[in-house]
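J.: Sharing a model that was predicted from the sequence below.
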Amino acid sequence: MKRILIGQVLLIICCIFYLCWWYRGYRPGVDVNRIGGMNGILLFLTAAFGAAGLFCSLTKIPEQAEPKLSPMLIVIGGIAVYFALLVITNFIFHRVVTTELFLITGWIMLEMTVINRLYAAEILTDRGFLIMCVVSILAFLISIVLYVAYYRMEETKAFYAAMVPLITEAAAMAVLIIVVLSGKT
């Protein structure tokens with residue numbers, strides 16, 4: 001369990017570095033090299049903390065009970081959601097498909113896997129599982145709405161709106177850490 005929580009912390013740090021990189025590289029009216037100099041360092045740190053967080057978050061822990069969801073269902077469902085959103089956002093909303101769609105759907109798959117494992121290890125109760133599902137799905141839905149809206153917004157509003165998914169996803173992971181450490185759910 002400790003390693004999973006460390007993974008969640010590393011992913012929160014990843015979000016912070018991503019926010020810093022976004023702020024420096026995408027501010028309206030500013031033309032900078034997004035992968036050179038300090039921006040390159042921030043992008044590298046984002047990727048490094050993200051990979052480490054992913055690795056730690058996917059650590060297996062001993063199961064005491066049956067998981068709530070089939071792990072295969074999470075994977076297949078996540079892939080299906082990604083392709084459905086790709087089609088919907090591209091062909092219905094005419095939104096250019098970017099890496100963020102992959103990151104958003106990958107994040108919800110990861111969080112559902114983590115929550116499912118913590119439940120099976122009897123670290124989360126039924127109530128804790130439900131709370132974390134709701135928190136994670138809300139963060140996911142906010143991210144998708146802002147993903148679709150991004151190119152329809154005025155440049156400065158879009159710049160700030162693009163930061164919100166990183167904040168909500170980091171907040172969802174922080175809630176998970178708090179719920180697990182409190183031991184009350």
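T.: Sure, I can see it. Numbering: from 1, shown residues only.
J.: mind listing the strands in the protein by residue range?
T.: Read by DSSP state E, the chain holds no strands at all.
J.: what's in contact with stretch 104-118?
T.: 1, 4, 7-8, 54, 57-58, 60-61, 63, 67-69, 71, 74-75, 77-78, 81-82, 85, 124, 128-129, 132-133, 136-137, 140, 143-144, 147, 165, 169, 172-173, 176, 180 (C-beta atoms under 8 Å, 6 or more residues apart in numbering). Any C-beta I mention is one placed from the backbone N, CA and C, and that applies to glycine too.
J.: same deal with stretch 156-168?
T.: Counting by C-beta under 8 Å, 6+ apart, 15, 18-19, 22-23, 26-28, 100, 104, 138-139, 142-143, 146-147, 149-151, 153 sit against stretch 156-168.
J.: Which ones among those residues map onto helices?
T.: Counted as lying in helices by DSSP state H, out of the contacts of stretch 156-168, are 15, 18-19, 22-23, 26, 100, 104, 138-139, 142-143, 146-147, 149.
J.: For PyMOL, what selects the buried ones among the contacts of stretch 104-118?
T.: Applying 16 or more other C-beta atoms under 10 Å to the contacts of stretch 104-118 leaves a buried subset, and the PyMOL line that selects it is:
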select buried, resi 4+7+8+54+57+67+69+74+77+78+81+82+85+124+128+129+132+133+136+140+143+144+147+165+169+172+173+176+180
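J.: Start and end of stretch 148-156, how far apart?
T.: 16 Å (C-alpha to C-alpha, to the nearest Å).
J.: one step back: pick out whichever of the ones in helices among the contacts of stretch 156-168 sits closest to Met38.
T.: Nearest to Met38, judged by C-beta to C-beta, of the ones in helices among the contacts of stretch 156-168 is Tyr23 at 11.4 Å.
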